[in-house]
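**Student:** sharing a model prediction with you, sequence too.
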Amino acid sequence: MYITARERLILKRLLSTRPENLTTKQLAEELDVSVRTIHRDLKGIEQLLQKYDLELVKKPGVGIQLSGAAGQKEALKRDLFRQSRREYTPEERRILILCTLLEAKEPVKLISLASELDVTMATVSHDLTKLESGLEKFDLSLIRKRGYGVEIVGSESAKRRAMSNLIAENIDEVQFLSLIRENIQNKTKKTPESLSGRLLGLVEKRKLILVEKVVEEISKQLPYSLADSAYIGLVVHLALAIERIMQGENIEMDPVHLNRLKNAPEYAFARQLIARLETVFRLSIPEAEVGYITMHLQGARLRHDQEYTIEEEDYPVLLWTKKLIRFVEEELHCRLSDQTSLVQGLISHLKPALYRIRRNMKITNPMLPKIMEDYRDLFAVVKKGVAAVFPDVSVPDEEIGYLVMHFGSALLNKQEQDLHALIICSSGIGTSKMLETRIRQEIPEIKNLTNRSVFGIDQEDPEAFDLIISTIQLPYFQGDYLVVSPILTRDEVEKIRARIREKLRKKRTGFKTSPGNPDPAPSPKLEQTISNMQKIHQYSGGIATILRGFQCFVAEEAGSVPEALEAACLRLREEGVIQRVAPVVEALLKREEKGGLGIPGTQLALFHTRSQQVVRPSFTVCFLKQPFVMKGMDQSDIRADTLLLLLAPEKVSGPVLEVLSYISSLFIENDEGIALFQSGDQQAISAYLAKRFERFFEEKLKETRSV
C-alpha cells in the first residue's frame, strides 16, 4: 500500500494508545496545514480503511474517531510499521540520514543520500545543516567537503550514544517487542521498509534476540527491577556494542573511572552479563564495556516503594528532595512533606535521573506534551523548583515531566478501593503511580491495584483481576484489557466504569456456592495476608525497639568525634545493643571517610552503619561539649555539636530499614525539626518521634492493605 507522510501521521494519531475524539482543526494545527487539506487527506484514509473493515466516525461538534475491531486496528498498525514504498517527513528523512552516516566507515557522497531518499541534493544539504547542532550534544561533528563527501566524526562511545538515543526516541516498547518477539523478516540493506525498521537495522535482528535473552536471564538476578525503557536501553546498548566490536570498533574508558566503578555492586552483574555474551557470541569483549554496562545498571536502578531504604550515598539526594518538596509546598500553599510515598518516589527517581543527566544519558517521556498541557501550572512550579534546587544542573523537560507525575500523584492521593485491578505501564518512572492515583480518585470502588511493566505481565494470571488497564497496546497478552492514558481522561473513566458494570453483572449472574456444595478452595490471598501481617509486625516491632532504646546524652570527656562515638558505643554495649565497640566505631569512621556526614545548614552530623556487632536497631543523640569542624554532605565545612547515631544489624528486614530511613528523613524536614534535634530535650524529641512514627505506621498499614 502507498500513503503519504501526512496520511500516515493522521493514522498514527487515530491509532494512538490514548484514543480520543480529534477535530480537523486540531489535526490541522498539529500538522501545520489547512483544515481543507485535512479533509482531503481523510478522504484518502477512508478508502484505505475499507480494506481493514474500519471506518472514520465523524460527529459534528465532537470530532473524529477510528471505529472497528481492535484486531483490525492492530493489523493496520503492523502494516504501517512494515510499509515499504513510502514518503518521509523531513524529520524522518533526517533520522535516516543520521543512521547512514553513523554506520558509515568512510565519507558518504551527497548524491548517494539524495538517490536513496528520492530527494534533491539541495534538500539533503538543507537536512545536514539542520542536523549539525543536534550532533554537538553527543560530542560529534559533521564534516562536509566538496569532492570528499559527508562524514560524522567523533569517538566510538559518542557514536553509540547517538545510535541508542535515535532508537530510544523513535521506537516505542510495542515496536521493539514486535521485532524481538515476532517472526519479522530481515530487512534488505537496499531500501529501508520503515523508519522503525531502519533504526532497528542498526543492529542485526538475530543479535537483538540473543542479547535480549541474556539480559532477561541476568536481570532476574538483580536485587531491583528495571523499567521497560531501561531494559530496552540496555538491550540496545549491548546489541550495538556486539555489532560494533564485530566490525572492529572498540570503546575506551578512563582507567580511574573504571576502577571506581569496580566497587559498585552493579559491576558484578555487568561482569556476569558480559561473560555470558562472550560465550554466546564467541568473542572477546573489552573491560571498558563492563564499565559502561555498570553505568547503565546504576542509571536504570528503580526501587519499589516497599523496598525503599536510604543508603549513605542517597542522603544528599534526600536533602535535595526535601528542598524541592518545600519549594512546591510554598508555591502551592499545601502540605506535602508528610507523604512518605512522595519522598520515596522522588528519591527513587532523582538518584538515577541525576546520574543520567551528568553522563549525558538521554531519557524519553512520551507523556510530556500531555503533562505540559494538562498540568501546565504544576509543571511550571516544579521546573522553577528544580532550577532553584539544582542551579548547576541542566534538567531536561522530560525529567521534569516525570517529577510532575510524582507531585501530581501526591496532590491527588486519597480515597479507598473495592475491586481488584491490574495496571500495565510501559515505564516504571512515575506513569503507573499517576494512573494508580487517578484511578483511586475517580473510581473509589476499585479496592486493590497491582502495577506491572510490559515485561512483567507474564507473572500475573488475568483471571485473578476484575479489571486490567494498560497505557499501551499489548499484542501478545491473552487477557481482556482496556487501553487508557496515565492522565486518565473523562471518557476513559466512563469506559472503565462501563467495564466495571459489565463485570458486576456477570458476577451477579454467575455461580454461587450453596450450603450443599463442597467447601470453596482456600483463598489465593492467604499467603499474601500472612506476608502482610509479618510485614506489619516488623514495622511495629522496629518502631517499638527504636523508641524504647532511644536516648540522648552528653559526651562529657570526648575531645574528638572518634572519642564521642566510642563513648556512645560503650553505653550501647552496656545496654546490649552492640557486642564489640571497636568494629562499630571503625565502621562509622569509614563511612565518614567516604564522604561528608554533616547536614548542611545545621550543627548535626549523621553517623550510621550496619554491622554484625549490632544486636538490634537503635537511635542515639550524642551532644558534644564543644563543636568540631566536619565535612558536610555538600562538601562544605560545618561546625557540628550534635551527633545522630543510627545503628542496625547487618542482616535486618526491609521494613526495619525503612523505619531507620524514615528517621533520617526527619532530620531535615523543617527548621523546627532541626532545632528540636539540636535542643538536647530528650522528652520533647521522644514525643516528636512517637507522633511521627504513629503517622508513618498508619501510612504503612494503608499501603499494606492495598496490596
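**Tutor:** Yes, it's here.

**Student:** how about the helices in the stretch 301-450 of the chain?
**Tutor:** Ranges of helices within the stretch 301-450 of the chain are 315-332, 340-358, 368-374, 376-389, 397-412, 431-442, based on DSSP state H, counting those that start in this stretch.

**Student:** swap in the stretch 451-600 of the chain?
**Tutor:** 490-509, 526-549, 561-574, 581-594.

**Student:** between those, which one is closest to residue 345.
**Tutor:** Closest approach to residue 345 among the helices of the stretch 451-600 of the chain (Cβ to Cβ): helix 526-549, 19.0 Å. Placement of C-beta: from N, CA and C, glycine included.

**Student:** contacts for the closest one next, please.
**Tutor:** Applying Cβ atoms under 8 Å, 6 or more residues apart in numbering, the external contacts of helix 526-549 come out as 523, 575, 577, 616-619, 653-656, 658-660, 663, 686, 689-690, 693, 696-697, 700-701, 704-705, 707.

**Student:** mind redoing it with 6 Å?
**Tutor:** 616-619, 653, 655-656, 659, 693, 700, 704 (Cβ atoms under 6 Å, 6 or more residues apart in numbering).

**Student:** pLDDT at residue 79, what is it?
**Tutor:** For residue 79, the pLDDT comes out at 78.

**Student:** check which residues of the host helix or strand of it are buried.
**Tutor:** Using DSSP states H and E, residue 79 sits in helix 70-82. Using 16 or more other Cβ atoms under 10 Å as the burial criterion, the residues of helix 70-82 that qualify are 73, 76-77, 80-81.

**Student:** can I get these in CSV with distance to residue 294?
**Tutor:** Putting the buried residues of helix 70-82 into CSV (distance: Cβ to Cβ, whole Å) gives the following:
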residue, distance to residue 294
73, 41
76, 42
77, 37
80, 38
81, 34
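
**Student:** any low-confidence regions in the stretch 101-250 of the chain?
**Tutor:** Applying pLDDT under 70 to the stretch 101-250 of the chain picks out residues 168-205, 224-225, 227-229.

**Student:** got the helices of the stretch 301-450 of the chain as CSV, with mean pLDDT columns?
**Tutor:** CSV is the format used below for the helices of the stretch 301-450 of the chain (pLDDT from 0 to 100):
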stretch, mean pLDDT
helix 315-332, 84
helix 340-358, 75
helix 368-374, 79
helix 376-389, 91
helix 397-412, 82
helix 431-442, 73
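
**Student:** which stretch among these comes nearest residue 569?
**Tutor:** helix 315-332 (21.2 Å).

**Student:** now do the same contact list for residue 681.
**Tutor:** Counting by Cβ under 6 Å, 6+ apart, residue 681 has no contacts.

**Student:** before we move on, back to that, where among the helices of the stretch 451-600 of the chain is average confidence lowest?
**Tutor:** helix 490-509 (a mean of 68).

**Student:** if we can go back for a sec, taking the contacts of helix 526-549, tell me the two that lie furthest apart.
**Tutor:** Spatial extent of the contacts of helix 526-549 (Cβ to Cβ) is set by the pair 618 and 704 at 24.8 Å.

**Student:** neighbour-wise, which of those two wins?
**Tutor:** Between residue 618 and residue 704, residue 618 has the larger neighbour count (other Cβ atoms under 10 Å), namely 22 against 18.

**Student:** hmm, residue 649 and the more buried one touching each other?
**Tutor:** No. Assessed by Cβ atoms under 6 Å, residue 618 is found out of contact with residue 649, at 10.1 Å.

**Student:** packing partners of the helix or strand where residue 703 lies?
**Tutor:** Residue 703 belongs to helix 682-705 when assigned by DSSP H and E. Judged by 3 or more Cβ pairs under 6 Å, 6 or more residues apart in numbering; DSSP states H and E, helix 682-705 is in contact with helix 526-549.

**Student:** at 8 Å what do you get?
**Tutor:** For helix 682-705, the packing partners by 3 or more Cβ pairs under 8 Å, 6 or more residues apart in numbering; DSSP states H and E come out as helix 340-358, helix 526-549, strand 551-555, strand 618-631, helix 654-666, helix 671-679.

**Student:** which parts of the fourth one are buried?
**Tutor:** Yep, that's strand 618-631 we're talking about. 618-624, 628, 630-631.

**Student:** for the helix or strand just after the helix holding residue 79, output the C-alpha coordinates as PDB.
**Tutor:** Proceeding N to C from helix 70-82, the next assigned helix or strand is helix 90-103, under DSSP H and E. Output in PDB follows, covering the C-alpha atoms of helix 90-103 (Å, rounded to 0.1, in the frame of the first residue of the first chain):
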ATOM      1  CA  PRO A  90      11.500  16.000   6.800                       C
ATOM      2  CA  GLU A  91      12.200  14.800  10.400                       C
ATOM      3  CA  GLU A  92      12.100  11.100   9.400                       C
ATOM      4  CA  ARG A  93      14.400  11.900   6.400                       C
ATOM      5  CA  ARG A  94      17.000  13.500   8.700                       C
ATOM      6  CA  ILE A  95      16.900  10.400  11.100                       C
ATOM      7  CA  LEU A  96      17.500   8.100   8.100                       C
ATOM      8  CA  ILE A  97      20.500  10.300   7.000                       C
ATOM      9  CA  LEU A  98      21.900  10.100  10.500                       C
ATOM     10  CA  CYS A  99      21.500   6.300  10.500                       C
ATOM     11  CA  THR A 100      23.500   6.100   7.300                       C
ATOM     12  CA  LEU A 101      26.300   8.400   8.400                       C
ATOM     13  CA  LEU A 102      26.600   6.900  11.900                       C
ATOM     14  CA  GLU A 103      27.100   3.400  10.300                       C
END
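
**Student:** contacts for the next helix or strand after helix 90-103?
**Tutor:** The helix or strand immediately downstream of helix 90-103 is helix 110-117, counting by DSSP H and E. The contact list for helix 110-117, computed with Cβ under 8 Å, 6+ apart, reads 88, 93, 96-97, 100, 120-121, 123-125, 149-150, 191.

**Student:** let's see that with 6 Å instead.
**Tutor:** Here helix 110-117 has contacts from 93, 97, 121, 124, using Cβ under 6 Å, 6+ apart.
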